[in-house]
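Trainee: here you go, sequence then predicted model.
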Amino acid sequence: MKYSILGSTGVKVSRICLGTATFGVAPAAQDANRVVGTAIDLGINFVDTADVYGNMPVFDRPGAPAAADREPAEQILGRALRGRREQMVVATKSNGIVGLDVNDRGLSRRHIIRQVEASLRRLETDYIDLYYAHDPDPDTPLEQTLAAYDDLIRQGKIRYVGLSNHPAWQVAQALWIADDRRLNAPVAVQVKYNLLDRAAERELAPACQQFGLSIVPYAPLHGGLLADLRVLDRDVSGDQRFAGAGFTDAEIVVARETERLSRAWGLAPYQASLAWLLSRPAVASAIVGAETPEELQANATAADIELEPAQLDSLTALASEPAAFHHRAGDGPEQPPAASGTASTD
């Protein structure tokens, strides 16, 4: 396993991060311990969860226990980490809707502190390594959110702060607020990012490069489509795992070409897709939501693969992302014609 430094923290995290969004569904609660154990055996020391993972209806699948009968993913993870918590860098989040009360959501000081305390209990730990704002909260000033995080860092309940699903301008705003008010600043961002979904490259990735934040992508294999085309034969695949849509025809075309290129290079599609993503600027670690130990073992091999520049270019060309807005005010005044008989200076 290879490792990257997370932002400006000095903390080294594995290039593959274990995702737990579907813990309690796939893997089932009784099987999650094997997945976590496999991660540790592989050298994976980074795990990602959230206060809304595992036991919400959005994760329901045929054959799985109903949401009301499932434990939260944090609780399953906490149990699996008993006796080995110190080996892992644990990331979790809040802002999702966790109850029926009007204040059971958001990034207010009230809700953040309540959710941190609940996460600590479920994870059976006394600190959280990386705590994300799961999404922006338009009802709460970012100044209040960052101040609450800063207090929790000073109390030792969280170590570092990150922003998830925030646009580049809000990341820059958060950094400005933290600098202006002498608060602990975000060190990482989490965003959907893969060979098929490259919107992060417009503005977020350049901002992270400029300001020294790490990108931790989720859905690095686009719901399994970039891992193996046999995912199309599953009853539940892609965003259908989260009550969303399946794959588009255009996405399937790119996935087929990715598979063709990968096989020609002697690689599996998941290896080429993850290796491409891990080569992108500012990307520290990719969150892999493996449902079995075998899936995790396979995906972990990508951390040791370095594609040649020509191979990276071939994959990049498959699904281009429009560049960020750029304006150039012409090419200057029209150049006068060269005088007759005067040698050109070009």
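Mentor: Received it, and whenever you're ready, just let me know what you need. Fair warning: this is a prediction, and the values are worked out from it, not measured in the lab.
Trainee: low-scoring stretches of the stretch 201-346 of the chain, by residue?
Mentor: In the predicted model, the stretch 201-346 of the chain carries pLDDT under 70 at residues 235-245, 321-335, 339-346.
Trainee: ok, which stretches of it are strands?
Mentor: 214-218, 286-288 (DSSP state E, counting those that start in this stretch).
Trainee: return the most buried member of those strands.
Mentor: Across the strands of the stretch 201-346 of the chain, the average number of neighbours (mean count of other Cβ atoms under 10 Å) peaks for strand 286-288, which reaches a mean of 25. Yep, even glycine has a C-beta here, placed from its N, CA and C like the rest.
Trainee: give me the distance from that one to the chain's centre.
Mentor: 6 Å (Cα atoms, centre = their mean, to the nearest Å).
Trainee: number of nearby residues for Q209?
Mentor: By other Cβ atoms under 10 Å, 12 other residues sit near Q209.
Trainee: give the contact list for it.
Mentor: P281, A282 (Cβ atoms under 8 Å, 6 or more residues apart in numbering).
Trainee: pipe the strands of the stretch 201-346 of the chain into a markdown table and attach distance to L312 per row.
Mentor: Formatted as a markdown table, the strands of the stretch 201-346 of the chain follow (distance: least, Cβ to Cβ, whole Å):
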| stretch | distance to L312 |
| --- | --- |
| strand 214-218 | 16 |
| strand 286-288 | 15 |
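Trainee: K2 is nearest to which of those strands?
Mentor: Closest to K2 of those is strand 286-288 (Cβ to Cβ; 11.8 Å).
Trainee: other SSEs contacting the closest one?
Mentor: Counting contacts by 3 or more Cβ pairs under 8 Å, 6 or more residues apart in numbering; DSSP states H and E, strand 286-288 packs against strand 16-19, strand 214-218, helix 269-278, helix 293-300.
Trainee: returning to that earlier point: and V231, which of the strands of the stretch 201-346 of the chain is closest to it?
Mentor: strand 286-288 (14.0 Å).
Trainee: not counting that closest one itself, show me its contacts.
Mentor: 15-19, 48, 190, 216-221, 274, 277-278, 295-296, 299-300.
Trainee: among the helices and strands packed on strand 286-288, which is nearest M88?
Mentor: It is, among the helices and strands packed on strand 286-288 and with distance given as Cβ to Cβ, strand 16-19, at 8.6 Å.
Trainee: distance from the chain centre to that closest one, please.
Mentor: That offset, for strand 16-19, works out to 9 Å (Cα atoms, centre = their mean).
Trainee: so which bits of the next helix or strand after that strand are buried?
Mentor: Note on strand 16-19: by DSSP states H and E, the next helix or strand toward the C-terminus is helix 32-41. Neighbour counts over helix 32-41 (16 or more other Cβ atoms under 10 Å) mark A32, N33, V35, V36, T38, A39, I40 as buried.
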